[in-house]
Structure formats: structure tokens, C-alpha cells
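# Fold the following.
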Amino acid sequence: MSLATKAAEHPRLHMLAQTHQLKALMTIIRDRDTKRGDFVFYSDRVIRLLVEEGLNYLPVIDKEVTTPMGVPFQGVSFEGRICGVSIMRAGESMEQGLRDVCTSVRIGKVLIQRDERTATPKLYYSKLPKDIADRWVLLLDPMLATGGSAIKCVEVLLDAGVKEERILFINLICSPEGVLSMLEKFPKLQIITAEIDEGMDDRKYILPGLGDFGDRYFGTED
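Prediction:
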């Protein structure tokens, strides 16, 4: 069994339904010739799908309402409060997608940079909601390569009192190595992603990947 297959079949890895629409969107943003405006627009569409899917894994409680017809309806309501935490800078691209779905949501930020020579993470900055320990956290970062930065960020959340089972990591593309590393390190965490790629190159970049997501999204390519 390949690493990609092993990662895809992990019970705590949730991929978006592999529809023709998703494949078309991912094809556009993976294309090196896609203009920045289109890259941002279609990335935002995928991010919205990911956030919507992530909400499916939050707990709910029964709730009865009365419709305008005067008839009771047995529905549900989300249990507990949520917040987002973006891993700067690429993760900030996913904040608006979360705000579009969850009005007035609080969003924290963590800056963890990878040493390009050693591929090891280093924490530079952290600003989280004061009551984050009482919330469910949607951790936002579009790319999961080695998993080093994401693992470091989860450790920051755990140190802040967040329960591991209340962390949902949301990203667009991940390497199988990153998936398996994260899920082995944190046995209660869940990952929601759009696609799992084949692996990484010698520089720890995802293949086939889509390049540097942050540079393409924010227009800072060389």
C-alpha cells in the first residue's frame, strides 16, 4: 500500500467529495499559467467548500423551532463555540472563507516559519482569543508538507488549553507524509483536505503541488 493510499484511508482524514467540480477548481489553481486573479477566486471557492465540510464534524444538539406555518420542526443547533487560527502567512488566505460562513467568528494567528535548509519549524508569534480553551478550533493552512509547522501550531494550541479533540485542521493540499505524521502525533485531531498529493521532493515541497500558495495568492512571486 502506498503512503498516499494509507493516508487517504485514515479514519481521521476527511477528503472533500472528489467531484468533477472540485477537480476542475483544483486543476485551475494548480496550473502555473493561471493568473493571480483567477488563482485567488478559485482558491476561495475551494476554501469555502473546506470550511463548510469542517463544520460537519462539530457536535450538535437537538433543537425545536416553529416554522412560519405554525408547525414545529425538529432540527439541530451547533454545540459550543468556534474560532479560527491561521498559520501566517498563507493561512490568512483562508480567513475570509471562514468569516463568510461563520459571522463574527474570532480568529487567532500564529507565525511559524520553516527553515528551508533543515525543514524544521520555529515559532515567532502567537496571538489567540483569551477564551480559546473553551472553543472548537479550525486551524487554517492551505498546504501540509512535512507537517512540522502544523504540528508546532497544534502544540501552541494545546499549551493554551485547547483540547486536542476540538482541533480541526483544514487545508487544500497535503502530502501523505504530513498527514501520517500529524495524525500519529495527535491521535484525536482530525484533518479536512481537498486532495492528497504523491509526496515531496528533496527540498520538502509537495509534488505535484501548486507552488508557493502564499506567494501566488498575495501576489508576491519573484
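# who's in contact with Cys145?
One correction, residue 145 is Ala, not Cys. By C-beta atoms under 8 Å, 6 or more residues apart in numbering, the contact set of Ala145 is Ala119, Cys174, Ser175, Glu177, Gly178, Met200, Lys204, Tyr205, Ile206. Every residue, glycine included, has its C-beta placed from N, CA and C.
# ok, now how distant is the second one from Pro142?
By that I understand Cys174. Cys174 sits 10 Å away from Pro142, going by C-beta to C-beta, to the nearest Å.
# ditto for Ser175
Ser175 is 13 Å from Pro142, by C-beta to C-beta.
# Need the overlap of contacts for the two.
Taking C-beta under 8 Å, 6+ apart as the contact criterion, no residue touches both Ser175 and Pro142.
# Distance from the chain centre to the host helix or strand of Val179, please.
Secondary structure assignment for Val179, by DSSP states H and E: helix 176-185. With C-alpha atoms, centre = their mean, to the nearest Å as the basis, helix 176-185 stands 14 Å off its chain's centre.
# list the helices and strands that helix packs on?
In terms of contacts (3 or more C-beta pairs under 8 Å, 6 or more residues apart in numbering; DSSP states H and E), helix 176-185 is packed against helix 3-8, strand 143-144, helix 148-159, strand 190-196, strand 199-200.
# most neighbours per residue, which of these?
Mean neighbour count, computed with mean count of other C-beta atoms under 10 Å, is highest for strand 143-144 among the helices and strands packed on helix 176-185, reaching a mean of 26.
# Could you list the paired strands of that one along with their orientation?
strand 167-174 (parallel) (DSSP bridges).
# Give me the residues contacting the strand it pairs with.
Residues outside strand 167-174 that contact it (C-beta under 8 Å, 6+ apart): 7, 26, 29, 43, 46-47, 50-51, 54, 57-58, 94, 136-145, 150, 154, 157, 182, 186, 189-197, 206, 209-210, 213.
# cool, stretch 20-38 as well?
If you take C-beta under 8 Å, 6+ apart as the criterion, stretch 20-38 is touched by 16, 39, 42-43, 45-46, 49, 172, 194-195, 208-211, 216-217, 219.
# Can you give me the end-to-end span of that stretch?
The first and last residues of stretch 20-38 sit 18 Å apart, counting by C-alpha to C-alpha, to the nearest Å.
# can you pull the buried residues of it?
Leu22, Leu25, Met26, Ile28, Ile29, Arg30, Thr34 (16 or more other C-beta atoms under 10 Å).
# TSV please, covering the contacts of Ala145 and showing distance to Lys163 and pLDDT.
Supplementary listing: the contacts of Ala145 in TSV, determined by distance: C-beta to C-beta, whole Å; pLDDT from 0 to 100:
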residue	distance to Lys163	pLDDT
Ala119	29	62
Cys174	23	96
Ser175	27	96
Glu177	26	95
Gly178	22	95
Met200	30	94
Lys204	30	87
Tyr205	33	91
Ile206	29	95
